[in-house]
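Novice: No letters, just coordinates:
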């Protein structure tokens with residue numbers, strides 16, 4: 001009796017990238033450009049606000065994230081917005097009490 005064989009896909013953990021950027025970043029820039037088009041689309045500033053500003057933001061995000069780990073922008077936004085204490089390892093008993101204090105004060 002031989003061994004059963006099956007196909008194993010090796011890229012299951014790979015990130016979806018478009019133009020060298022993560023999909024979340026590209027979607028965010030698209031939403032920003034669409035919003036600028038809705039607001040400034042019929043004005044004399046349309047070219048600058050619809051194409052120029054998102055282009056500058058694209059360059060800032062692209063070069064600002066160079067060398068950073070995946071999902072850096074998402075984690076940075078979450079860290080900036082959410083109040084509280086963040087832990088990288090196991091939570092200790094005193095830290096659990098501190099988290100309860102912060103949650104009840106908010």
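Specialist: Received, thanks. None of the values given here were measured: they were computed from a predicted structure.

Novice: show me what contacts the spatially most central residue of the chain?
Specialist: With distances taken as CA atoms, centre = their mean, residue 74 lies nearest the centre of the chain, 3.0 Å away. Contact analysis of residue 74 by CB atoms under 8 Å, 6 or more residues apart in numbering lists residue 24. The way it works is simple: take the backbone N, C-alpha and C, and place the C-beta from them, glycine included.

Novice: can you confirm it is in a strand?
Specialist: No - if the criterion is DSSP: H, G, I helix; E, B strand; the rest coil, then residue 74 is helix and not within a strand.

Novice: what sits opposite residue 17 in the beta ladder?
Specialist: Note on residue 17: beta-bridge partners by DSSP bridges are residue 22.

Novice: so it touches residue 25, yeah?
Specialist: No - in this structure, residue 17 is not within contact of residue 25 by CB atoms under 8 Å, at 9.5 Å.

Novice: And the two? Which one has more around it.
Specialist: Neighbours were counted for residue 17 and for residue 25 using other CB atoms under 10 Å; residue 25 has more, 21 against 12.

Novice: Without its sequence neighbours, what residue ends up closest to that one?
Specialist: residue 61 (5.5 Å; CB to CB, 6 or more residues apart in numbering).

Novice: residues near that neighbour, how many?
Specialist: Based on other CB under 10 Å, the number of other residues close to residue 61 is 17.
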